[in-house]
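K.L.:
this is a predicted model, with the sequence first.
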Amino acid sequence: MSIQGDYDHGLKIGSDTQQFRLVKGEGGAVMYNIRNIIPQYRDPLRFTQSNWIEGHGSFERKSPAVYFEGQSIDTTQEGRVFLGPLINTVGEIGDSGNLDSAVVQFIWFEAQNQWLCASGGKIYVYTTGWTAVETLAGITHMAEFKGIMYAALGTSTLYKYSSNGTDWTATDLTDGYAERFLVTPNPDGTAENLWKFKQPNELSRTTDGRTSAAGGVQWESPTFVGDTSHNITNIFLQNNKLMVGREDNLFHVDSNGGTHPFRDDLKINQSTNNYKYVAEWQTSVYHSEARGMAEITAYNSYDVMGPLFGIDDIGKVGDIVGIAGDKDWLYVAVDEGTNTIIYKGREILNVQGKLQWQWCPWVFLGANACATIAVAQHSTTDFRLWFGYGTTTAYVILSDNPTADSAARFAPSGFLRMSYDYGTDANWDKLWQSAVLEVVGGASGETVQIQYRKDVETSATECIAAAATNGVFESNFAAELASNKIQFEIHLASNTNTATPEVRYFQAKGVEKPTTVRIHEATYAIDDSPSQDAEVLRDLLRTGRTSTTLIRFANLNFEEYTGGTAGTDYVNCVMEPGFPQETEIVHLDGRAAEQAIKVSLREVSFS
């Protein structure tokens, strides 16, 4: 007999409460069973990554070769992550190191074999550092044409030119004002023209922009590109066509001076950033557009792209502040508000046969402002990416394989944050206890440290101390990490700029605790008495099947009752589909057959 007398279970369905007696089978065992449904889960629980080449931008783990974000790292080689390049700062010789103001442009003066840069107020030439050679307030752009370097000074100051990079002369040609220059072949391809534009909308050309006495040729009457409500921002060639970028459109100017608008959509997407930065790379043109960038291919197709385009919500937004390219890579500087990062990227054909951009957060400029970047080849073996760095300049060495290049130099530290792992179900508990790593290049000064962020944490915590261990090894965490979601960080450090540790394999180990589902399967007796009338009980249980409220289930044998506290005195349930079922129980021990009702009740969590 149960603790509650003749009854075993209590059910409250709606406002009606009833007690039920379980049918006893052979040997006196009651016909009641609890069945646990264990959902599929990850056993064992592992987070494994051995390739990071697809780049940053993935909040949740979706692909085996992407990650959340990073800083001063290189993931552009298959199956490796190591430190990004060292930032080498270059200032003015014999001064404080700072230039008079931030750099607006770098340019190679081919005729003089000189590397020049222009700040807002001076022109500098590079040797072992920068030497100021001319003071020119308001420099906006420089270009070389027929062995002469031209410096644009805006719409109110005559541009200047130099044949040696040191001595500069103001033009005396009519309309000698320029915002930017461009050198292109003439329509017949027999000579070169020097183009300039003057804001807001005047475009003109000449075959010699020097003074009249030096052989200068007057500028042609201007072509007016668009109206005067917005400015021209840049001029460039695309597929051998002269293109004029404006704040509110993109125009093609044909050989007869006709203007053809391509981007009327920009009339409602006006920005001073539209076409402010332009670079050619592998037959396509890449340009800034509003807060992002886009691509124009040799086939005139257009597509939005960039380091921060098409990524997950990883808390990044920024403005393009420089674009440059070499034969293999496109480099894009992005001002993300607090910090500026130079991304190294390329477009590949992935295994699914689709074009995909891969972006690595390669150079971390921190709070040092940047307004221009440029690639320079100083010799057959000396390739550099130059960039503005606050009020000075800096460069990094470009190398096809930095860890095998004796000229390569590495940043002192950097990190890679991998994507979040939610497990099978975000609400299930996970316990992480160790990690397996494969490290190459570890030494007393070259270390690898593992940190983590879990759930709502906004800062990382160490779980494996910085170590110089090489090869494949496993390290236990100081304590198990309980989480719903978690992401791990690889922190690299080196005390010499000629070496870097690299990680080739990472695997975090843990266990997952799935939430199981409890099913109560019971067969209730129907006695021939007013309180246990078969029709009454059947109708009550049928009401439980269609009810939109939860059923309270109490096991009276464990002193539970339906009027108590949920989870302690009773559990909430719903009737499983197909129940209740009326049935007849036939006993083999000589007892008479009896009528019964089978129920199947699924526990549900309800708070």
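P.N.:
Alright, I've got the coordinates.
K.L.:
low pLDDT regions in the chain?
P.N.:
Residues of the chain that meet the criterion pLDDT under 70 lie in 1-5, 528-532, 606-607.
K.L.:
quick one: the helices in it, in order.
P.N.:
Under the criterion DSSP state H, helices of the chain are mapped to 534-546.
K.L.:
list the contacts for the closest residue to Trp428 other than its chain neighbours?
P.N.:
What sits nearest to Trp428 in space, not counting adjacent residues and going by C-beta to C-beta, 6 or more residues apart in numbering, is Pro514, at 5.4 Å. For glycine as for every other residue, the C-beta is placed from the backbone atoms N, C-alpha and C. Contacts for Pro514 (C-beta atoms under 8 Å, 6 or more residues apart in numbering) come out as 38-39, 41, 424-425, 428.
K.L.:
so what pairs up with the closest residue in space to Gly306 that isn't next to it in sequence in the strands?
P.N.:
With C-beta to C-beta, 6+ apart as the criterion, Gly306 has its nearest non-adjacent residue at 4.1 Å, and that residue is Met293. Beta-bridge pairing of Met293 under DSSP bridges involves Ser288, Met305.
K.L.:
which ones are touching Met293?
P.N.:
277, 286-287, 304-306, 309, 320, 323, 332 are the contacts of Met293 under C-beta under 8 Å, 6+ apart.
K.L.:
need the buried ones from those residues selected in PyMOL.
P.N.:
Here is the PyMOL command that selects the buried residues among those (16 or more other C-beta atoms under 10 Å):
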select buried, resi 277+286+287+305+306+320+323+332
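K.L.:
so which of the contacts of Met293 is the closest to Tyr150?
P.N.:
Nearest to Tyr150 among the contacts of Met293, counting by C-beta to C-beta, is Tyr277 at 19.7 Å.
K.L.:
separation between the closest residue to that closest one other than its chain neighbours and Asn234?
P.N.:
The shortest distance from Tyr277 to any non-neighbouring residue, by C-beta to C-beta, 6+ apart, is to Ser288 (4.3 Å). Using C-beta to C-beta, to the nearest Å, Ser288 is found at 9 Å from Asn234.
K.L.:
neighbour count winner among those two?
P.N.:
More neighbours surround Ser288 than the other of Ser288 and Asn234, with 27 against 21 (other C-beta atoms under 10 Å).
K.L.:
skipping its backbone neighbours, what lies nearest Ala593 in space?
P.N.:
Val586 (4.9 Å).
K.L.:
for Ser162, same thing?
P.N.:
Trp168 (4.6 Å).
K.L.:
again with Gln377
P.N.:
Leaving out its chain neighbours, Gln377 is closest to Phe383 (C-beta to C-beta, 6+ apart), at 5.4 Å.
K.L.:
and the one you found, how many neighbours?
P.N.:
19.
K.L.:
that one and Val375 touch, don't they?
P.N.:
Yes: under the criterion of C-beta atoms under 8 Å, Phe383 makes contact with Val375 at 7.0 Å.
K.L.:
please enumerate the shared neighbours of those two.
P.N.:
Joint contacts of Phe383 and Val375 (C-beta under 8 Å, 6+ apart) are 326, 398.
K.L.:
from Ala369, how far out is the residue nearest to Tyr277?
P.N.:
16 Å.
K.L.:
Ser255 too?
P.N.:
For Ser255, the distance to Ala369 - C-beta to C-beta - is 40 Å.
K.L.:
likewise for Gln282?
P.N.:
29 Å.
K.L.:
next up, the contacts around Val317.
P.N.:
291, 308, 336-337.
K.L.:
do the same with Val351
P.N.:
Per C-beta under 8 Å, 6+ apart, neighbours of Val351: none.
K.L.:
contacting residues around stretch 327-343?
P.N.:
71, 76, 279, 281-282, 286, 293, 306-308, 316-325, 344-346, 359-370, 373, 375, 385, 387, 400.
K.L.:
in ChimeraX, how would I select the buried members of these?
P.N.:
In ChimeraX, a selection of the buried entries from the contacts of stretch 327-343 looks like this (16+ other C-beta under 10 Å):
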select :71,76,279,281,286,293,306,307,308,316,318,319,320,321,322,323,324,325,344,345,346,359,360,361,362,363,364,365,368,370,373,375,385,387
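K.L.:
what about stretch 308-322, distance to the chain center?
P.N.:
How far stretch 308-322 lies from its chain's middle: 7 Å, per C-alpha atoms, centre = their mean, to the nearest Å.
K.L.:
please apply the same query to stretch 327-347.
P.N.:
Taking mean C-alpha positions (C-alpha atoms, centre = their mean), stretch 327-347 and its chain are 12 Å apart.
K.L.:
the closest residue to Gly563 other than its chain neighbours and Phe558, how far apart?
P.N.:
Using C-beta to C-beta, 6+ apart and skipping residues adjacent in sequence, the residue nearest Gly563 is Asp569, 7.4 Å away. Distance check for Asp569 against Phe558: by C-beta to C-beta, it reads 10 Å.
K.L.:
the more surrounded of these two?
P.N.:
Counted by other C-beta under 10 Å, Asp569 and Phe558 do not tie: Asp569 has more neighbours, with 16 against 10.
K.L.:
so that one sits against Leu556, correct?
P.N.:
No: applying C-beta under 8 Å as the test, Asp569 and Leu556 come out as separate, 10.8 Å apart.
K.L.:
neighbours of the residue lying closest to Val253 once chain neighbours are set aside, how many?
P.N.:
With C-beta to C-beta, 6+ apart as the criterion, Val253 has its nearest non-adjacent residue at 4.7 Å, and that residue is Leu242. Neighbour count of Leu242, defined by other C-beta under 10 Å: 21.
K.L.:
and if you look at Ala407?
P.N.:
So Ala407, with other C-beta under 10 Å, has 12 neighbours.
K.L.:
who's in contact with it?
P.N.:
Ala407 touches 381-382, 397, 399, counting by C-beta under 8 Å, 6+ apart.
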